[in-house]
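Trainee: coordinates only, sequence not included:
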């Protein structure tokens, strides 16, 4: 059974990110966030908390249209106090629609569940 608390938190993350609500993203992501993105050519991009917020801020400031929030939750569970969510999405970040699998790691803090690590694999054209 999928943990609805985690699904709700990731849905909140998706909505905030796709609509460029930077202040909300700043509370959903942990300040010690690390993001790794495995690209189609097998190269690896890494972002920290500030770089991630700057990315969303640049999209907002450029007038980018909101992104699609559609998500397929493959996994949402808590084990030993850590939340694990795997979600499949189709996003167009400027290179056409791509199928992307996100693995999110969450910890429960005084701010509620926060994402402290994110790994994404871009599979290719959707």
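Mentor: All right, it came through fine. Everything numeric in this text was worked out from a predicted model, so none of it was measured.
Trainee: in this structure, which spans are helices?
Mentor: 4-18, 22-28, 49-61 (DSSP state H).
Trainee: out of the ones you listed, which gets nearest to residue 34?
Mentor: The minimum distance between residue 34 and these falls on helix 49-61, with 8.3 Å, by C-beta to C-beta. In short, each C-beta sits where N, CA and C put it, glycine included.
Trainee: can you list the helices of the chain in CSV and add mean neighbour count?
Mentor: Below are the helices of the chain laid out as CSV (neighbours: other C-beta atoms under 10 Å):
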stretch, mean neighbour count
helix 4-18, 18
helix 22-28, 15
helix 49-61, 15
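Trainee: low-confidence stretches in the protein?
Mentor: Within the chain, no range satisfies pLDDT under 70.
Trainee: between the helices of the chain, which gets nearest to residue 110?
Mentor: helix 22-28 (10.8 Å).
Trainee: mind checking how far that closest one is from the chain centre?
Mentor: Helix 22-28 has its C-alpha centroid displaced from the chain centroid by 12 Å (C-alpha atoms, centre = their mean, to the nearest Å).
Trainee: which secondary structure elements does it contact?
Mentor: The helices and strands touching helix 22-28, judged by 3 or more C-beta pairs under 8 Å, 6 or more residues apart in numbering; DSSP states H and E, are helix 4-18, helix 49-61, strand 112-125.
Trainee: turn those into JSON lines, columns for distance to residue 43.
Mentor: Shown next, in JSON lines, are those (distance: least, C-beta to C-beta, whole Å):
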{"stretch": "helix 4-18", "distance to residue 43": "22"}
{"stretch": "helix 49-61", "distance to residue 43": "16"}
{"stretch": "strand 112-125", "distance to residue 43": "10"}
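Trainee: of the ones you listed, which is nearest residue 74?
Mentor: Evaluated over the helices and strands packed on helix 22-28, closeness to residue 74 peaks at helix 4-18, with 11.0 Å, by C-beta to C-beta.
Trainee: what does that closest one contact?
Mentor: For helix 4-18, contacts defined as C-beta atoms under 8 Å, 6 or more residues apart in numbering pick out 21, 24-25, 28-29, 56, 66-69, 71, 73, 76-78, 83-85, 87, 89, 104, 106, 112-113, 115.
Trainee: alright, calling it a day.
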